[in-house]
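A.B. asks: just coords:
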């Protein structure tokens, strides 16, 4: 089940939203534009499945050929208004995954204690 679109999504976020909505069954909860107020950040997509766990996806609307350079923290790319710099979505998703995990530690019943999904 997917939450509904707000109307402010970029083309890439809309495209991924429809893919997730159409591909996942009702066992999956797909949330988008999840606000983490304590960190003043927003997570593009959080996917939750009772036995598979939690996935975090960050979407960047960049044409691959326009990427000039990147490292684990940033991506430089040629945008409409010159060279632009954004957060690396892999690092951003990893950081946000730990934010969610750390938040869930307040609720031990929400965490898997053993098995393939235990980290």
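C.D. replies: Thanks, I have the structure now. On a predicted model such as this, the values are computed, not experimentally measured, just so you know.
A.B. asks: okay, now the sheet partners of the strand or helix carrying residue 55, with direction.
C.D. replies: Following DSSP states H and E, one finds residue 55 within strand 53-57. Its sheet considered, strand 53-57 pairs with strand 41-49 (antiparallel) by DSSP bridges.
A.B. asks: how about the partner strand: buried residues?
C.D. replies: 43-47 (16 or more other Cβ atoms under 10 Å). Just so you know, the C-beta spots here come from the backbone N, C-alpha and C atoms, and that holds for glycine as well.
A.B. asks: mind checking the SS state of residue 60?
C.D. replies: Of the three states, residue 60 takes coil under DSSP: H, G, I helix; E, B strand; the rest coil.
A.B. asks: how many other residues sit next to the spatially closest residue to it that is not a sequence neighbour?
C.D. replies: Nearest residue to residue 60, sequence neighbours excluded (Cβ to Cβ, 6 or more residues apart in numbering): residue 89, at 5.1 Å. When neighbours are counted by other Cβ atoms under 10 Å, residue 89 registers 16.
A.B. asks: right, and residue 89 touches residue 61 too?
C.D. replies: No: counting by Cβ atoms under 8 Å, residue 89 does not reach residue 61; the two are 10.7 Å apart.
A.B. asks: OK, contacts around residue 47?
C.D. replies: The contact partners of residue 47, by Cβ atoms under 8 Å, 6 or more residues apart in numbering, come to 20, 24, 28-31, 54-57.
A.B. asks: and the pLDDT at it?
C.D. replies: At residue 47, the model reports a pLDDT of 92.
A.B. asks: what's the separation between it and residue 106?
C.D. replies: 21 Å (Cβ to Cβ, to the nearest Å).
A.B. asks: now residue 22
C.D. replies: For residue 22 relative to residue 106 (Cβ to Cβ), the value is 34 Å.
A.B. asks: for this structure, what's the longest helix?
C.D. replies: Ranked by residue count, the top helix of the chain under DSSP state H comes out as helix 89-104.
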